[in-house]
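> sequence plus the predicted model coming up.
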Amino acid sequence: MVSSRVIRNLKKEFRQSGLAKLGLALVVIIVLAAVFAPFIAPHNPNDQQLNQSELPPIGFSQTEERTSSQMVDGEIQTVTEEVEITADPAHVFGTDGLGRDMFSRVVYGARTSLVVGVLGTLLAASIGVPVGLLAGYHRGRVDDALMRIADISLAFPSLVLAVALIGLWGRAAVNVPDPFVVAGLAPEMPSSFVLPITVVIVVGLVNWVWFARVARGEALSLRGQEYVKASRALGAGDNTIILRHVLPNAITPIIVLGTVQVAAIILLESSLSFLGFSGTTLSWGFDIAQGRDYVSSGQWWIASIPGLAIMLSVIGINLLGDWLRDALDPGIEGEGGAA
Amino acid sequence: MSLGRFALKRSLQGIGVVWGVITVVFALRFVTPGSPINAVAPLDASQETRQAIAAELGLDQPLYVQYGRYVFELLQGDMGRSYIRGQEVTTLVFERLPATVELAVAASVVAIVLAIPLGVISATNRNDPVDYGATLLSLGGISTPNFWLGIMLILIFAVEFNIFNTSGRGVDVGDVALSVVNAEPFVGTLLTWLAYITLPAIALGTYFMALITRLTRSGMLDELSQGYVQAARAKGLPRTLIRYKHALRNTLIPVITVLGLQLGTLIGGAVITEAVFSWPGLGTLVIESINQRDWPALQGSLIVIGTSFVLVNILVDVVYAYLDPEVVTD
């Protein structure tokens, strides 16, 4: 399936495109952060150090007004003084309102984003691709029914539907033990990863239709090809033809769509966490929601830093998607399916 | 097939989809754990009280009766009464809808006005610094979560410079128009309107600005390499005329279709932008209704959102068919 021509194109395009290199670099950094979070994070991301709260990132300082009561000439007076809060080298990105280390939270947030993005995409593809291939290959009633379901499904914005389903069904989460911590390699860190399972299921259910549309389009154009007809003439069954001939030839646009979808689902997950419709509190979107309350009082970094992390990951994945699209098939557009 | 028949056919299909939307929204209640009575009845309600409430709300009827009644009432514009607010849902939804439409339109205007020139300039100066700048900008735009952008805009323009309002709606666009008629200070009203809508419109519009820039750029590049452009150039037609009259026109046709399909993203984006800026629109209503299990209000909002999407897409298809008559012959 992956021919030497494909690999050659990928390499050629990669050499020529600076953006592809940037994309790959960003994605590698995020994947490493997600996988090796217990070793990279300097602090437990959930540890609250209230006496260390609201520390600015390295290189910044913050003046804060503090009021205290003092005895002046035998009377109790409220004294307001300006205090300069300086960064602590132990907290590169500063700390949040509860004194949790922002850098560690950003590192751990990568896990939530990537896991939800990848699992959600796989779920959406595993529903959408078979349905789309069958509909496009058989045409007729199955196809008509699919297209109507797709129309109805598209009429609800992903975010609105996801919010409704999660709000109504509940915010279930599963604790997955962290192998590094269980093995005793990073004893200070959280012993398990909280997987917001409802979010994964819902984003899969909400986004399958993009895969169905692409797979259907491919199947429609491939079913008339000579080699498909030949195979049918030789007595191959429909399912064999779909698996052996249609799917392998439809895989390129599906892979390109899959890449874009991971980015779209990361954005969707962050929106859901921001609105409070998630099962985990260790997520970039959740931290932005927390940081929002500090924006007017001057602690800008609490909301800003997790947002930059989202932006850089999504840029990285989108660039990777552009690279794959340009290298694999210059003819396809990659704009389908957004948050 | 004539354009009229095409429009009719698309409308009939649309009615089918809207019916599907209604059915899905209705079915949502039955795949959700917990009885809707819980939203209305006091926690310590007796079995008799609960039954009385169920009877009053018609929840004791068989499923098909409830469904039939819901659709029948809906056809008369009656979406029931909100469990929590006691208001007619139709009134409630149509009170909130204008704010969302206003925000969505403002965002689209921001997006289109900036994106199309940017895309054209980018394509006609391929591989120039301008092109790289526009490419990076649009890449950033499609990768930035709009709620975060909203908060950053608040941080910069409202907290640091204190220029814009960050919460609520102030006046609506109708007030701005009315101020002329009523001889009120027009400029003042307009400025108030802008103070409230500018930041949410930018936060919501940026993604679309980026998307349209990308589409316009790649579409223009495609068109500019076509034979007819070379022929026009050979005939000595001015470059501006070729670019803007011929190439851009052909580029915009697919852009319109993508925008129709992305309308869902626009409405979804509006929901979260409303949450950031406390904009009193349909999105805030959806979230409140979910949290309060206010079924009639939730169903009403979802149906209106779904139906608007279907209507706009029919409109887009008909415009598309008008611009590109080949579509109709399919």
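Looks like it came in fine.

> right, is stretch A:281-295 up against chain B?
Yes - using Cβ under 8 Å from any Cβ of the partner chain, we find that stretch A:281-295 touches chain B at A:G285, A:I288, A:G291, A:R292, A:V295. In short, each C-beta sits where N, CA and C put it, glycine included.

> distance between the helix or strand where A:M311 lies and the chain's centre?
Taking DSSP states H and E as the criterion, A:M311 maps to helix A:301-328. Chain-centre distance of helix A:301-328: 10 Å, with Cα atoms, centre = their mean, to the nearest Å.

> kindly report the same for stretch B:284-303.
Using Cα atoms, centre = their mean, the offset of stretch B:284-303 from its chain centre is 17 Å.

> buried ones in the longest helix along chain A?
Determined from DSSP state H, the single longest helix within chain A is helix A:102-138. Of all the residues in helix A:102-138, those buried under the rule 16 or more other Cβ atoms under 10 Å in any protein chain shown are A:102-121, A:123-125, A:127-129, A:131-137.

> point me to the residue of the stretch 1-150 of chain A nearest chain B.
As assessed by Cβ to the nearest Cβ, chain B sits closest to A:R148 within the stretch 1-150 of chain A, at 6.5 Å.

> neighbours of that residue, how many?
Neighbour count for A:R148, taken as other Cβ atoms under 10 Å in any protein chain shown: 14.

> please apply the same query to B:L190.
Using other Cβ under 10 Å, B:L190 has 17 neighbouring residues.

> thinking it is in contact with B:L178, fair?
No - between B:L190 and B:L178 there is no contact under Cβ atoms under 8 Å: 11.6 Å.

> what segments of chain A are helices?
Counting by DSSP H, chain A has helices at residues A:4-16, A:18-35, A:37-40, A:102-138, A:140-154, A:158-169, A:179-182, A:197-222, A:226-233, A:238-241, A:247-275, A:284-292, A:301-328.

> re earlier: was I right about the residue of the stretch 1-150 of chain A closest to chain B contacting B:G20?
Yes - counting by Cβ under 8 Å, A:R148 does reach B:G20; the two are 6.5 Å apart.

> tell me who's in contact with A:L165.
The neighbours of A:L165, taking Cβ atoms under 8 Å, 6 or more residues apart in numbering or on different chains as the test, are A:T198, A:V202, A:L205, A:V206.

> could I get these as TSV with distance to B:V109 and pLDDT?
Below are the contacts of A:L165 laid out as TSV (distance: Cβ to Cβ, whole Å; pLDDT from 0 to 100):
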residue	distance to B:V109	pLDDT
A:T198	37	92
A:V202	32	92
A:L205	33	91
A:V206	28	90
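
> may I see those residues arranged in JSON lines, with distance to B:Y196 and neighbour count as well?
Putting these into JSON lines (distance: Cβ to Cβ, whole Å; neighbours: other Cβ atoms under 10 Å in any protein chain shown) gives the following:
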{"residue": "A:T198", "distance to B:Y196": "35", "neighbour count": "21"}
{"residue": "A:V202", "distance to B:Y196": "33", "neighbour count": "24"}
{"residue": "A:L205", "distance to B:Y196": "36", "neighbour count": "17"}
{"residue": "A:V206", "distance to B:Y196": "31", "neighbour count": "23"}
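
> of all those, which comes closest to chain B?
So of the contacts of A:L165, ranked by how close each gets to chain B (Cβ to the nearest Cβ), first place is A:V206, at 10.0 Å.

> okay, that closest one and A:G120: tell me how far apart.
Noted for A:V206: a distance of 9 Å to A:G120, by Cβ to Cβ, to the nearest Å.

> list residues touching both of these two?
Joint contacts of A:V206 and A:G120 (Cβ under 8 Å, 6+ apart) are A:L268.

> which parts of the stretch 1-150 of chain A sit against chain B?
Near chain B, when you scan the stretch 1-150 of chain A using Cβ under 8 Å from any Cβ, you find A:L19, A:R148, A:I149.

> just send these back as CSV, with pLDDT too.
Formatted as CSV, those follow (pLDDT from 0 to 100):
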residue, pLDDT
A:L19, 85
A:R148, 86
A:I149, 87
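
> what's near enough to touch the residue of the stretch 1-150 of chain A closest to chain B?
B:G16, B:V17, B:G20.

> repeat that for 10 Å
By Cβ atoms under 10 Å, 6 or more residues apart in numbering or on different chains, the contact set of A:R148 is B:Q13, B:G16, B:V17, B:G20.

> please pick the buried ones from the residues you listed.
Buried among those by 16+ other Cβ under 10 Å: B:Q13, B:V17, B:G20.

> show me what from the stretch 51-200 of chain B comes close to chain A.
Residues of the stretch 51-200 of chain B lying near chain A by Cβ under 10 Å from any Cβ of the partner chain: B:132, B:135-136, B:139-140, B:142-152, B:154-156, B:158-160, B:166.

> got the contact list for stretch B:71-83?
The contact list for stretch B:71-83 (Cβ under 10 Å, 6+ apart) reads B:19, B:22-23, B:26, B:36-37, B:39-40, B:53, B:57-58, B:69-70, B:87-94, B:285, B:289, B:292-301, B:303-304.

> got it, and stretch A:60-79?
A:54-56, A:80-87, A:94, A:297-301.

> hmm, B:G205 is touching B:T144, no?
No - the pair B:G205 and B:T144 does not pass the contact test of Cβ atoms under 10 Å, sitting 11.8 Å apart.

> more neighbours: which of the two?
For B:G205 versus B:T144, the count of surrounding residues by other Cβ under 10 Å is larger for B:G205: 29 against 22.

> from B:V17, how far out is that one?
27 Å.

> where does the prediction get shaky in the stretch 101-250 of chain A?
Counting by pLDDT under 70, the stretch 101-250 of chain A shows no low-confidence range.

> wait, B:D172 sits on B:I197?
Yes - at 9.3 Å, B:D172 and B:I197 qualify as touching, with contact defined as Cβ under 10 Å.

> so what's in contact with these two at the same time?
By Cβ under 10 Å, 6+ apart, B:D172 and B:I197 have these common neighbours: B:A99, B:E102.

> so between these two, which is more surrounded?
B:I197 (25 against 16).

> what pLDDT does the model give the more buried one?
B:I197 carries a pLDDT value of 88.

> that one sits in which helix or strand?
Element membership of B:I197, judged by DSSP H and E, is helix B:186-224.

> report the contact partners of residue 173.
Assuming you mean chain A. A:F193, A:V194, A:L195, A:P196, A:I197, A:T198, A:V199, A:S278, A:G279, A:T280, A:T281.

> my bad, the chain I had in mind was chain B
B:P98, B:A99, B:V101, B:E102, B:V105, B:A106, B:L190, B:W193, B:I197.

> repeat the analysis, applying 8 Å as the threshold.
Applying Cβ under 8 Å, 6+ apart to B:V173 gives the contacts B:E102, B:W193.

> right, I'll call it a day here.
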